[in-house]
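Asker: quick one: sequence and predicted model below, then my questions.
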Amino acid sequence: MTYTYNLVRCTLLTLLSLGHLQVNANDIALSINEELIDLRMTSDLQQNFASELAIMHTDFEDNGADQISYRFYNQDQLGSVNFELGARLYWLDAEAPNGQGYDGHGLSLDIGSNHQLTDVFLLEINLSHAPDIITGGDFENVTEWDVRLSYQLVEKGSVFVGLRNLEVDTGDQDVDVYDDAYFGLKFEF
(Lines give C-alpha, C1' and ligand atoms only; values in the text may rest on other atoms or scores of the structure.)
Protein backbone atom coordinates (compact mmCIF):
# COMPACT_ATOMS: atom_id res chain seq x y z
CA MET A 1 0.00 0.00 0.00
CA THR A 2 1.56 3.26 -1.03
CA TYR A 3 1.15 6.70 0.45
CA THR A 4 -0.15 8.09 -2.87
CA TYR A 5 -2.80 5.37 -3.12
CA ASN A 6 -3.97 6.11 0.44
CA LEU A 7 -4.05 9.85 -0.17
CA VAL A 8 -6.11 9.45 -3.36
CA ARG A 9 -8.53 7.03 -1.67
CA CYS A 10 -8.94 9.28 1.39
CA THR A 11 -9.47 12.34 -0.83
CA LEU A 12 -12.15 10.57 -2.89
CA LEU A 13 -13.96 9.37 0.24
CA THR A 14 -13.84 12.89 1.66
CA LEU A 15 -15.24 14.48 -1.50
CA LEU A 16 -18.04 11.92 -1.72
CA SER A 17 -18.89 12.42 1.94
CA LEU A 18 -18.85 16.21 1.68
CA GLY A 19 -21.19 16.10 -1.30
CA HIS A 20 -23.60 13.87 0.58
CA LEU A 21 -23.60 15.76 3.89
CA GLN A 22 -23.15 19.32 2.70
CA VAL A 23 -26.86 20.04 2.97
CA ASN A 24 -27.35 18.23 6.28
CA ALA A 25 -24.25 19.14 8.33
CA ASN A 26 -24.85 21.25 11.44
CA ASP A 27 -21.16 21.56 12.19
CA ILE A 28 -17.84 20.69 10.63
CA ALA A 29 -14.62 20.18 12.64
CA LEU A 30 -11.13 19.86 11.22
CA SER A 31 -8.37 18.52 13.49
CA ILE A 32 -4.71 18.59 12.48
CA ASN A 33 -1.26 17.78 13.77
CA GLU A 34 2.08 16.99 12.11
CA GLU A 35 0.88 13.38 11.77
CA LEU A 36 -2.94 13.66 11.72
CA ILE A 37 -5.79 15.12 9.73
CA ASP A 38 -9.34 14.41 10.85
CA LEU A 39 -12.54 15.82 9.35
CA ARG A 40 -15.86 15.37 11.18
CA MET A 41 -19.29 16.42 9.96
CA THR A 42 -22.10 16.26 12.51
CA SER A 43 -25.82 16.51 11.86
CA ASP A 44 -28.53 16.95 14.49
CA LEU A 45 -31.51 14.68 13.89
CA GLN A 46 -34.93 14.52 15.50
CA GLN A 47 -35.67 13.58 19.13
CA ASN A 48 -32.17 14.25 20.57
CA PHE A 49 -30.42 12.01 18.04
CA ALA A 50 -27.37 13.02 16.00
CA SER A 51 -24.96 11.47 13.53
CA GLU A 52 -21.32 12.08 12.71
CA LEU A 53 -19.25 11.12 9.68
CA ALA A 54 -15.49 11.15 10.31
CA ILE A 55 -12.58 10.68 7.95
CA MET A 56 -9.05 10.39 9.33
CA HIS A 57 -5.55 9.96 7.91
CA THR A 58 -2.56 9.57 10.18
CA ASP A 59 1.13 8.79 9.85
CA PHE A 60 1.87 8.44 13.57
CA GLU A 61 5.38 7.10 14.32
CA ASP A 62 5.56 5.69 10.77
CA ASN A 63 2.27 3.79 11.28
CA GLY A 64 0.18 4.95 8.34
CA ALA A 65 -3.58 4.62 8.73
CA ASP A 66 -6.85 5.68 7.14
CA GLN A 67 -10.20 5.47 8.90
CA ILE A 68 -13.74 6.28 7.94
CA SER A 69 -16.48 6.01 10.54
CA TYR A 70 -20.13 6.82 10.99
CA ARG A 71 -21.42 7.45 14.52
CA PHE A 72 -25.08 7.51 15.50
CA TYR A 73 -25.87 8.64 19.03
CA ASN A 74 -28.49 9.94 21.41
CA GLN A 75 -27.80 13.00 23.54
CA ASP A 76 -29.49 14.23 26.69
CA GLN A 77 -28.72 17.39 28.64
CA LEU A 78 -28.62 17.59 32.42
CA GLY A 79 -27.80 21.15 33.47
CA SER A 80 -24.62 22.25 31.72
CA VAL A 81 -23.57 18.64 30.90
CA ASN A 82 -24.63 16.87 27.72
CA PHE A 83 -24.38 13.04 27.81
CA GLU A 84 -24.03 10.90 24.67
CA LEU A 85 -24.59 7.19 24.12
CA GLY A 86 -24.20 5.58 20.72
CA ALA A 87 -22.49 3.26 18.28
CA ARG A 88 -19.87 3.79 15.58
CA LEU A 89 -19.44 1.80 12.38
CA TYR A 90 -15.83 2.00 11.26
CA TRP A 91 -13.37 0.79 8.66
CA LEU A 92 -9.67 1.12 9.46
CA ASP A 93 -6.68 0.38 7.25
CA ALA A 94 -3.33 0.57 9.07
CA GLU A 95 0.27 -0.13 8.12
CA ALA A 96 3.06 -0.73 10.63
CA PRO A 97 6.64 0.53 10.07
CA ASN A 98 7.76 -3.00 9.11
CA GLY A 99 5.33 -2.93 6.17
CA GLN A 100 2.79 -5.23 7.83
CA GLY A 101 -0.73 -4.13 6.87
CA TYR A 102 -3.82 -4.44 9.04
CA ASP A 103 -7.39 -3.98 7.85
CA GLY A 104 -10.40 -4.09 10.09
CA HIS A 105 -13.99 -3.07 10.45
CA GLY A 106 -16.69 -3.33 13.02
CA LEU A 107 -19.03 -1.65 15.42
CA SER A 108 -17.80 0.16 18.50
CA LEU A 109 -19.89 1.25 21.45
CA ASP A 110 -19.55 4.93 22.42
CA ILE A 111 -20.11 6.93 25.56
CA GLY A 112 -19.31 10.59 25.93
CA SER A 113 -20.15 13.90 27.49
CA ASN A 114 -19.49 17.56 27.04
CA HIS A 115 -19.56 20.17 29.75
CA GLN A 116 -20.07 23.90 29.16
CA LEU A 117 -17.45 25.22 31.60
CA THR A 118 -18.18 28.91 30.86
CA ASP A 119 -19.95 30.81 28.09
CA VAL A 120 -16.96 30.27 25.78
CA PHE A 121 -15.20 27.10 27.05
CA LEU A 122 -16.49 23.58 26.31
CA LEU A 123 -14.89 20.32 27.55
CA GLU A 124 -15.67 17.18 25.51
CA ILE A 125 -14.82 13.57 26.43
CA ASN A 126 -15.53 10.48 24.32
CA LEU A 127 -14.68 6.80 24.82
CA SER A 128 -15.30 4.08 22.27
CA HIS A 129 -14.56 0.34 22.35
CA ALA A 130 -15.15 -2.48 19.88
CA PRO A 131 -14.69 -5.95 21.43
CA ASP A 132 -13.70 -9.02 19.42
CA ILE A 133 -17.29 -10.20 18.94
CA ILE A 134 -18.22 -7.13 16.84
CA THR A 135 -14.81 -6.57 15.20
CA GLY A 136 -13.75 -8.05 11.89
CA GLY A 137 -10.67 -8.27 9.73
CA ASP A 138 -7.24 -8.32 11.38
CA PHE A 139 -8.36 -6.72 14.67
CA GLU A 140 -9.39 -8.40 17.89
CA ASN A 141 -10.50 -5.13 19.47
CA VAL A 142 -10.28 -1.39 18.94
CA THR A 143 -10.22 1.26 21.68
CA GLU A 144 -10.32 5.02 21.24
CA TRP A 145 -10.60 7.93 23.64
CA ASP A 146 -10.63 11.63 22.92
CA VAL A 147 -10.55 14.70 25.21
CA ARG A 148 -11.06 18.16 23.70
CA LEU A 149 -11.21 21.72 25.09
CA SER A 150 -12.90 24.27 22.81
CA TYR A 151 -12.90 28.05 22.94
CA GLN A 152 -15.69 29.89 21.10
CA LEU A 153 -13.82 32.59 19.22
CA VAL A 154 -16.76 33.95 17.19
CA GLU A 155 -20.51 33.30 17.32
CA LYS A 156 -20.47 30.20 15.09
CA GLY A 157 -16.78 29.28 15.24
CA SER A 158 -14.48 27.66 17.79
CA VAL A 159 -10.84 26.70 18.11
CA PHE A 160 -9.87 23.63 20.12
CA VAL A 161 -7.01 21.52 21.44
CA GLY A 162 -7.30 17.87 22.24
CA LEU A 163 -5.63 14.61 23.14
CA ARG A 164 -6.56 11.42 21.31
CA ASN A 165 -5.59 7.75 21.53
CA LEU A 166 -6.62 5.15 18.94
CA GLU A 167 -5.25 1.65 19.53
CA VAL A 168 -5.95 -1.69 17.86
CA ASP A 169 -5.17 -5.17 19.16
CA THR A 170 -4.26 -7.53 16.31
CA GLY A 171 -3.89 -10.57 18.56
CA ASP A 172 -0.12 -10.50 18.08
CA GLN A 173 0.50 -6.91 19.14
CA ASP A 174 -1.12 -3.63 20.15
CA VAL A 175 -0.70 -0.98 17.47
CA ASP A 176 -0.96 2.71 18.37
CA VAL A 177 -2.68 4.19 15.34
CA TYR A 178 -2.55 7.63 16.98
CA ASP A 179 -1.60 8.78 20.48
CA ASP A 180 -0.89 12.50 20.59
CA ALA A 181 -2.31 16.01 20.89
CA TYR A 182 -3.97 17.95 18.08
CA PHE A 183 -5.66 21.28 17.43
CA GLY A 184 -8.36 22.46 15.09
CA LEU A 185 -11.34 24.56 14.07
CA LYS A 186 -15.08 23.95 14.32
CA PHE A 187 -17.80 25.80 12.44
CA GLU A 188 -21.54 25.61 13.15
CA PHE A 189 -24.25 26.16 10.54
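Answerer: Okay, I see it.

Asker: most centrally placed residue in the chain?
Answerer: residue 54 (5.4 Å; C-alpha atoms, centre = their mean).

Asker: for burial, what's the neighbour tally of residue 176?
Answerer: Residue 176: 16 surrounding residues under other C-beta atoms under 10 Å. (Each C-beta comes from the backbone N, C-alpha and C, glycine too.)

Asker: what's the pLDDT at it?
Answerer: Among the per-residue scores, residue 176 shows a pLDDT of 89.

Asker: cool, the one 5 residues further on as well?
Answerer: Residue 181 is assigned a pLDDT of 97 by the prediction.

Asker: same question for residue 77.
Answerer: At residue 77, pLDDT is 89.

Asker: what does the helix or strand hosting the residue nearest to the centre of the chain contact?
Answerer: Following DSSP states H and E, one finds residue 54 within strand 49-60. Where contact means C-beta atoms under 8 Å, 6 or more residues apart in numbering, the residues beyond strand 49-60 that reach it are 6-7, 10, 13-14, 17, 21, 26, 35-45, 64-75, 166, 176-180.

Asker: list the buried residues for that strand?
Answerer: For strand 49-60, a neighbour-count test (16 or more other C-beta atoms under 10 Å) marks 50, 51, 52, 53, 54, 55, 56, 57, 58, 59, 60 as buried.

Asker: against which helices or strands is the next helix or strand after that strand packed?
Answerer: Past strand 49-60, further along toward the C-terminus, the next helix or strand under DSSP H and E is strand 63-78. Packing partners of strand 63-78 (3 or more C-beta pairs under 8 Å, 6 or more residues apart in numbering; DSSP states H and E): helix 3-21, strand 49-60, strand 81-95, strand 101-116, strand 174-188.

Asker: which one of the ones you listed lies nearest to residue 152?
Answerer: Set against residue 152 and scored by C-beta to C-beta, the helices and strands packed on strand 63-78 come closest in strand 174-188, at 9.1 Å.

Asker: what strands flank the closest one, and is each parallel or antiparallel?
Answerer: strand 27-33 (antiparallel), strand 157-169 (antiparallel) (DSSP bridges).
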